[in-house]
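Colleague: would you be able to build a 3D model of this:
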Amino acid sequence: MDLSLIQKDILITLITLYHQHSHPIKGEEIAEVIKRNPGTIRNQMQALKALELVDGVPGPKGGYNPTARAYKELSISVADGEAKVRITRRGEELPGVSATEIDFTTLCHPDVCHAVVKVIGSVKGFDIGDQVAIGPTPVNKLFVRGEVFGKDEVDQGLIISISEMISLPKLPIRCYMSTPLLTLATSATISEAIHLFHTRNIHGAPVMDDEAMKGIVTISDIVRAIDEGLPVSAPVSTVMTPDVIEADGGVRLFEVVKRFKEREIGRLIVVENGSPVGILTQSDVLRVFPTD
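Modeller: Got it, this is the predicted structure:
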């Protein structure tokens, strides 16, 4: 089907607004986005309806919906239940726009890596030089960052120079945690905690009262306590942090990475069936990512 540029522009804008609002889109809304006369949009809509690319919905809340044929004509695949892949511009997500395909055009060049990112929605909201981030993708958890240096407004593609690309680990955190879990009793002293940290080369440990976890104590807690003049004979229960961040062993690693940043923590306790079984630290997470 040979569509004109304005017809493609109208269809792409219709699909973008439809995904953003999930209701029929009026011709005036499309006209406002693409800076065209509303009468021109109405005339073109009649042609697009005849081509079975849009459906008209009558009534005060009516407008136009894109048909499945419209998606096919524009080579846009949107299956039921299909995950949306986020694409952000300068750290902000554009409503109604998501990535559907990443085509790497250069991989073997020693200095550059370029890709064409096909999007659902319009690329008009992006400018040359914009910093963009795509992902994570649903299967391989691929995350890509780069800079826009070209746009294809006919096929709705962004040409980007990739600056960073990682695949987030998908295995559960029980596969990455440190075990066995080294603990301190509530009656243990600061001196005993220092000895444990030094001999086992660790930086923190949960504080236990029999089977119940009461808190966590770290080197930072101990240094602060000593600076405040607390004797090393004082129990660790007086310097521990009672708010322990926990995560079930079945949670996938990429899901807890965000917690480290949001909570500004260096470690969390891994639990299975409500009982602590290991500890996951920032060092454990960093070891997962390749450095070569």
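
Colleague: please give the element, helix or strand, for the nearest residue to Val288 once chain neighbours are set aside.
Modeller: Once flanking residues are discounted, Val288 sits nearest to Pro169: 5.1 Å by CB to CB, 6 or more residues apart in numbering. (Each C-beta comes from the backbone N, C-alpha and C, glycine too.) Assigned by DSSP states H and E, Pro169 falls within no helix or strand.

Colleague: is it true that Pro169 touches Phe143?
Modeller: No. Here Pro169 lies out of contact with Phe143, judged by CB atoms under 8 Å, at a distance of 11.6 Å.

Colleague: and the contacts of stretch 127-144?
Modeller: Here stretch 127-144 makes contact (CB atoms under 8 Å, 6 or more residues apart in numbering) with 83, 85-91, 99, 102, 115, 117, 126, 145-151, 158, 160, 162, 164-170, 254.

Colleague: and if we set it to 7 Å?
Modeller: Contact with stretch 127-144 is made by 83, 85-90, 99, 102, 117, 145-149, 158, 160, 162, 165-168, 170, 254, as judged by CB atoms under 7 Å, 6 or more residues apart in numbering.

Colleague: in the stretch 1-150 of the chain, which spans are helices?
Modeller: Secondary structure of the stretch 1-150 of the chain (DSSP state H, counting those that start in this stretch): helices at 5-21, 27-34, 38-50, 68-73.

Colleague: distance of Thr183 from Ile226?
Modeller: Applying CB to CB, to the nearest Å, the value for Thr183 to Ile226 is 22 Å.

Colleague: list the buried ones in stretch 145-164?
Modeller: For stretch 145-164, burial by neighbour count (16 or more other CB atoms under 10 Å) applies to Arg145, Gly146, Val148, Lys151, Gln156, Gly157, Leu158, Ile159, Ile160, Ile162.

Colleague: would you mark the buried spots in stretch 187-195?
Modeller: By neighbour count on 16+ other CB under 10 Å, the buried set for stretch 187-195 is Ala188, Thr189, Ile190, Glu192, Ala193, Ile194.

Colleague: quick one: the helices in the stretch 151-292 of the chain?
Modeller: 190-200, 219-227, 253-263, 282-288.

Colleague: export those to CSV and tack on mean pLDDT?
Modeller: Shown next, in CSV, are the helices of the stretch 151-292 of the chain (pLDDT from 0 to 100):
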stretch, mean pLDDT
helix 190-200, 95
helix 219-227, 93
helix 253-263, 80
helix 282-288, 81
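
Colleague: which one of the ones you listed lies closest to Pro58?
Modeller: Comparing the helices of the stretch 151-292 of the chain by their distance to Pro58 (CB to CB), the top pick is helix 253-263, with 45.6 Å.

Colleague: contacts for that closest one next, please.
Modeller: Helix 253-263 is contacted by residues 141, 168-171, 173, 176, 245, 247, 268, 282, 285, 288 when judged by CB under 7 Å, 6+ apart.

Colleague: which among these count as buried?
Modeller: Counted by 16+ other CB under 10 Å, the contacts of helix 253-263 give Lys141, Leu168, Pro169, Ile173, Tyr176, Ala247, Leu268, Val285 as buried.

Colleague: identify the farthest-apart pair in those residues.
Modeller: Comparing every pair within these by CB to CB identifies Lys141 and Leu268 as the most remote, at 19.8 Å.

Colleague: ok, now how distant is Leu53 from Ala47?
Modeller: 9 Å.

Colleague: which one's more surrounded, the two?
Modeller: The residue with more neighbours, out of Leu53 and Ala47, is Leu53; 25 against 14, by other CB atoms under 10 Å.

Colleague: next up, phi/psi of that one, please.
Modeller: For Leu53, the backbone dihedrals (degrees, to the nearest 10) come out as phi -100, psi -20.

Colleague: so what's the closest residue to it other than its chain neighbours up against?
Modeller: In space, and not counting its chain neighbours, Leu53 is closest to Ala70: 4.3 Å by CB to CB, 6+ apart. In this structure, Ala70 makes contact with Leu11, Ile15, Leu53, Val54, judged by CB under 7 Å, 6+ apart.

Colleague: sweet, I'm off.
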